[in-house]
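Engineer: Sequence and computational prediction follow.
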Amino acid sequence: MRAHEEGFGLVEIMVGLAVGMLAMIVVMQVYSQSEAQKRSTTSGADAQTNGAIALTMIERDVRNGGWGMGVTNYSDCASMYTYCDGSAECGGTEGEISDFSLASVVITDGGKNPDTITAQYFADPNVGGFRLPTNTVLTDNMPQPSSELIVNSTEGCNEGDLMLAVQDGKCTLMQVTNIQNQPLHIQHNKGTNGIYNPAADFSKKNNWPQYTIGAKLTCFSAATKGPMFKRSYAIDSKLRQLLRSDNAADSAAQKEVASPEIVDLQAQYGVATDAANPQKVTDWVDASAAPWNNPGMVERKQIKAVRLALVARSAQYEKPATDGTCKATNDNMVKTWSTWAEFSTSTYPPDWKCYRYKVFETIVPLRNVLWGNV
C-alpha cells in the first residue's frame with residue numbers, strides 16, 4: 001500500500017507563478033495609469049495655485065500704483081524738469097533723468113517674450129506705516145538765481161527729501177538740502193546732499209522755470225536708486241519663474257522668486273480717450289509702439305487701468321504618443337487661451353507641447369488715478 005503524497009508538484013508551482021506574474025502585471029499597469037492621472041491632476045492643481053498667487057501679487061501692487069501723493073498734486077504737469085549729477089542713486093548718468101515718469105504703472109513690452117510690469121509709488125512699499133508726502137506753497141517769488149524757496153510751512157519736509165514743484169503745467173524735481181524753520185525757507189543746493197539739483201548754468205541753459213507765489217510744493221521720500229519707489233514683475237523664461245524686484249533700501253525683493261512655473265505675462269494699458277468721459281476706458285493698447293512705449297504727460301493721464309494675461313505651466317511632463325509627438329497641448333489650444341493677448345510659443349522650450357497650462361486674466365483699475373478724478 002502506497003503512502004499518500006502531500007504538496008505541489010513542479011508543474012503546479014510553475015502555473016501558480018505564471019498566474020501571479022500576470023496578475024502583478026495587470027495590477028502594475030492599473031497602478032501606473034492611476035498614478036499618472038493623479039500626478040496630472042496634482043500638477044494641474046499646482047499650476048492653478050501658482051498662477052493664482054502670481055496674479056494676485058501683481059494685481060495688488062499694480063492697483064496701489066501711484067500711492068503716496070494725491071494725483072491732483074501733479075495732474076497738471078505738462079512738462080517735467082529733472083536732473084541727476086551722475087550718482088548711481090539718481091540714475092548714474094549726468095543730465096536729465098530720461099526714464100523719470102509720474103505714471104502709476106509702466107509696461108515694458110517684451111515683443112515675442114513676456115512683458116514686464118512696474119508699479120511706481122511715492123512711498124516705500126515695504127514699510128507698513130507709509131509716510132505721506134507733505135504739501136506746501138510758495139509765499140514769495142523764487143529769486144533768480146537762487147536755491148532758496150520761501151514757503152508757508154516746512155512741516156513734514158526733511159533734508160534729503162525730494163520735492164516736486166508745480167505751477168502752470170510746469171513741474172520740477174528738486175532735492176531738499178536744508179530746512180530753516182524760522183524763517184520758513186527750504187534750500188535745494190547742488191552737491192553731495194543734492195544730487196538731483198543742477199548748477200545754475202544748467203538750469204538757465206535748459207530754461208528751468210522760476211516759480212512764483214502760489215506754486216505748489218510736495219516733499220516725499222526718495223528711493224535708493226531713482227526718484228520713485230518701483231516694484232517690478234518679470235519672467236525668467238529659462239527657469240520659468242516670476243521674479244519680483246524693487247528699489248527700496250531695505251528690500252529683500254531683488255529678483256526674488258514670486259512664483260514658480262510661470263511662462264508668460266502679457267499686459268495692456270486701458271486708456272480713456274473720450275474728453276467727455278475722462279474716467280472711462282475706451283481703448284486697450286499695447287506698449288509696443290509710440291506713444292505707449294514711452295507715455296508722455298498727456299498719455300500718462302489717459303491710463304486708467306491695465307489688463308493682464310498670465311500663463312502657468314504644469315510641472316508634469318506628458319509622454320509623447322507612439323509617433324513621437326506631444327499632444328498634451330497644441331497650437332489650436334493656444335489660440336483659445338485669451339480673447340485679447342497673443343502668446344508666442346516660439347519662445348517656449350522645444351517640448352512645450354508635452355505640458356498642460358493654466359491661463360489667468362484680470363483687469364486692474366488704477367484706483368489712485370481714478371480717485372484723483374484726473
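Structural biologist: Okay, I see it. It should be emphasised that the depicted structure is a prediction, and the values quoted were computed from it without experimental measurement. Residues are numbered from 1 along each chain as shown.

Engineer: Okay, now the unreliable bits of the stretch 251-374 of the chain?
Structural biologist: 251-253, 372-374 (pLDDT under 70).

Engineer: Spell out, range by range, the strands that occur in it.
Structural biologist: 256-260, 262-271, 283-285, 303-313, 357-365 (DSSP state E, counting those that start in this stretch).

Engineer: So which of those is nearest residue 245?
Structural biologist: strand 256-260 (7.1 Å; CB to CB). In short, each C-beta sits where N, CA and C put it, glycine included.

Engineer: That closest one packs against which elements?
Structural biologist: helix 10-63, strand 241-246 (3 or more CB pairs under 8 Å, 6 or more residues apart in numbering; DSSP states H and E).

Engineer: averaged over its residues, what pLDDT does the first one have?
Structural biologist: The average pLDDT for helix 10-63 rounds to 78.

Engineer: quick one: strands adjacent to the helix or strand just after it?
Structural biologist: Later in the chain than helix 10-63, the nearest helix or strand by DSSP states H and E is strand 79-81. Here strand 79-81 has these sheet partners by DSSP bridges: strand 170-175 (parallel).

Engineer: how about the following helix or strand past the strand it pairs with: buried residues?
Structural biologist: Next along the chain after strand 170-175, taking DSSP H and E as the criterion, comes strand 178-180. Buried residues in strand 178-180, counting neighbours by 16 or more other CB atoms under 10 Å, are found at residue 179.

Engineer: okay, now the domains of this structure?
Structural biologist: The chain is divided into the following domains under automatic domain parsing: 45-66+231-371, 71-103+132-220.

Engineer: would CSV of those with distance to residue 120 be doable?
Structural biologist: Shown next, in CSV, are the domains of the chain (distance: least, CB to CB, whole Å):
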stretch, distance to residue 120
domain 45-66+231-371, 6
domain 71-103+132-220, 7
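
Engineer: and of those domains, who's closest to residue 23?
Structural biologist: So among the domains of the chain, domain 45-66+231-371 is nearest, using CB to CB, at 25.2 Å.

Engineer: What's the end-to-end length of the closest one?
Structural biologist: Its first and final residues considered, domain 45-66+231-371 spans 37 Å by CA to CA, to the nearest Å.

Engineer: follow-up on the earlier one: and of the domains of the chain, who's closest to residue 112?
Structural biologist: Here domain 45-66+231-371 is closest among the domains of the chain (CB to CB), at 3.8 Å.

Engineer: hmm, back to that, tell me which of the helices and strands packed on strand 256-260 sits most buried.
Structural biologist: Of all the helices and strands packed on strand 256-260, strand 241-246 has the most neighbours on average by mean count of other CB atoms under 10 Å, namely a mean of 22.
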